[in-house]
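# any chance you can model this:
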Amino acid sequence: MAQGLIEVERKFVPGPETEERLQELGGTLEHQVTFRDSYYDTPELSLMRADHWLRQRENSGWELKCPGTAGVSEPHAEYRELTAEPAIVAQLYQVLGAEALGAEGVTAVLGPLGLQEVASFVTDRSAWKLVLSRADKEEPLLTVDLDTTDFGYAVGEIEAVVHKEAEVPVALEKINKLSSMLGVLAQETPPAKLIVYLQRFRPQDYQRLLEVYSSREKLQGTKDADSTLG
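Numbering: from 1, shown residues only. So this is what the prediction gives:
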């Protein structure tokens with residue numbers, strides 16, 4: 001399996017004082033941007049049901065999020081992030097149990113693999129970056145994205161990107177520390193933008209996913225079905 005970066009993240013509900021608090025902690029507003037995300041899956045949601053999330057971001061390209069292996073517990077999530085198209089295509093073949101057709105790009109294999117657009121929405125994002133302890137050279141850079149969608153949903157995400165599984169525990173520690181400093185409740189687990197979109201505009205698809213993850217909750221002891229989704 002092609003290797004990608006490891007993305008450790010935690011979602012939270014931003015408040016009116018979140019940006020002011022980030023400034024107090026030494027955070028830097030890197031940029032404000034508006035973009036459209038389009039998600040693709042089979043009619044049966046074969047990717048999402050396998051905890052794989054295929055997205056095309058406007059003017060940015062393709063990304064496939066795959067579940068991590070370190071057993072990160074709620075309210076955190078860990079994903080490997082594939083952005084190279086050959087790696088994405090290879091993983092799609094594997095997850096969907098399809099025979100490889102060659103080295104085509106993602107767009108070329110959408111039709112043969114039965115993938116279609118299942119969600120598309122616009123997000124306004126304020127992107128912050130900060131390091132909690134500048135004296136520590138090994139300190140992971142934390143990013144905080146504050147998002148508002150064109151369908152009125154607002155959510156924040158604290159994220160650290162690492163290269164090795166051994167770096168995940170330190171990333172989790174720093175994410176927890178910043179969460180506490182921002183006043184995030186210990187077990188706060190707001191759903192991802194995509195999940196809210198499906199709940200509002202594609203309720204049958206949302207219910208299909210909820211049934212899968214509710215079943216997984218009973219089998220594996222996960223907490224909130226919504227929070228396990230990408």
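
# buried ones in stretch 183-195, by neighbour count?
184, 189-195 (16 or more other C-beta atoms under 10 Å). No exception for glycine: its C-beta is placed from N, CA and C like everyone else's.

# lowest-confidence entry in those?
Lowest pLDDT of the buried residues of stretch 183-195: T189, 82.

# next, count neighbours for R49.
Neighbours of R49 under the rule other C-beta atoms under 10 Å: 17.

# any idea how far the residue lying closest to it once chain neighbours are set aside is from Q32?
Excluding its sequence neighbours, the residue lying closest to R49 (C-beta to C-beta, 6 or more residues apart in numbering) is V212, at 4.9 Å. Between V212 and Q32 the computed distance is 36 Å (C-beta to C-beta, to the nearest Å).

# over to E30: give its phi and psi.
phi -80, psi -50 (degrees, to the nearest 10).

# now do the contacts for it.
127-129 (C-beta atoms under 8 Å, 6 or more residues apart in numbering).

# would you map the strands across this structure?
Along the chain, the stretches classed as strands by DSSP state E are 5-12, 28-41, 53-57, 61-67, 76-82, 116-130, 142-149, 154-162.

# which one of those strands has the lowest average pLDDT?
Looking at the strands of the chain, the weakest mean confidence is strand 76-82, a mean of 75.

# how about stretch 199-214: buried residues?
Using 16+ other C-beta under 10 Å as the test for burial, stretch 199-214 gives 199, 205-206, 209-210, 212-213.

# tabulate these (JSON lines), appending distance to F151 and pLDDT.
Below are these laid out as JSON lines (distance: C-beta to C-beta, whole Å; pLDDT from 0 to 100):
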{"residue": "Q199", "distance to F151": "11", "pLDDT": "95"}
{"residue": "D205", "distance to F151": "15", "pLDDT": "95"}
{"residue": "Y206", "distance to F151": "14", "pLDDT": "94"}
{"residue": "L209", "distance to F151": "18", "pLDDT": "91"}
{"residue": "L210", "distance to F151": "19", "pLDDT": "88"}
{"residue": "V212", "distance to F151": "24", "pLDDT": "84"}
{"residue": "Y213", "distance to F151": "22", "pLDDT": "77"}
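
# before we move on, the earlier item: can you redo the buried residues of stretch 183-195 as JSON lines with distance to Y93?
Formatted as JSON lines, the buried residues of stretch 183-195 follow (distance: C-beta to C-beta, whole Å):
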{"residue": "V184", "distance to Y93": "39"}
{"residue": "T189", "distance to Y93": "32"}
{"residue": "P190", "distance to Y93": "33"}
{"residue": "P191", "distance to Y93": "29"}
{"residue": "A192", "distance to Y93": "25"}
{"residue": "K193", "distance to Y93": "27"}
{"residue": "L194", "distance to Y93": "23"}
{"residue": "I195", "distance to Y93": "26"}
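
# which one of the residues you listed sits closest to T123?
Taking C-beta to C-beta as the measure, T123 lies nearest K193 of those, at 6.8 Å.

# bridged to the nearest residue to that closest one once chain neighbours are set aside, which residues?
Spatial nearest neighbour of K193, excluding adjacent residues (C-beta to C-beta, 6+ apart): T149 at 5.5 Å. Note on T149: beta-bridge partners T123, judged by DSSP bridges.

# of the buried residues of stretch 199-214, which pair is most distant in space?
Most distant of those, by C-beta to C-beta, are Q199 and V212, 14.5 Å apart.
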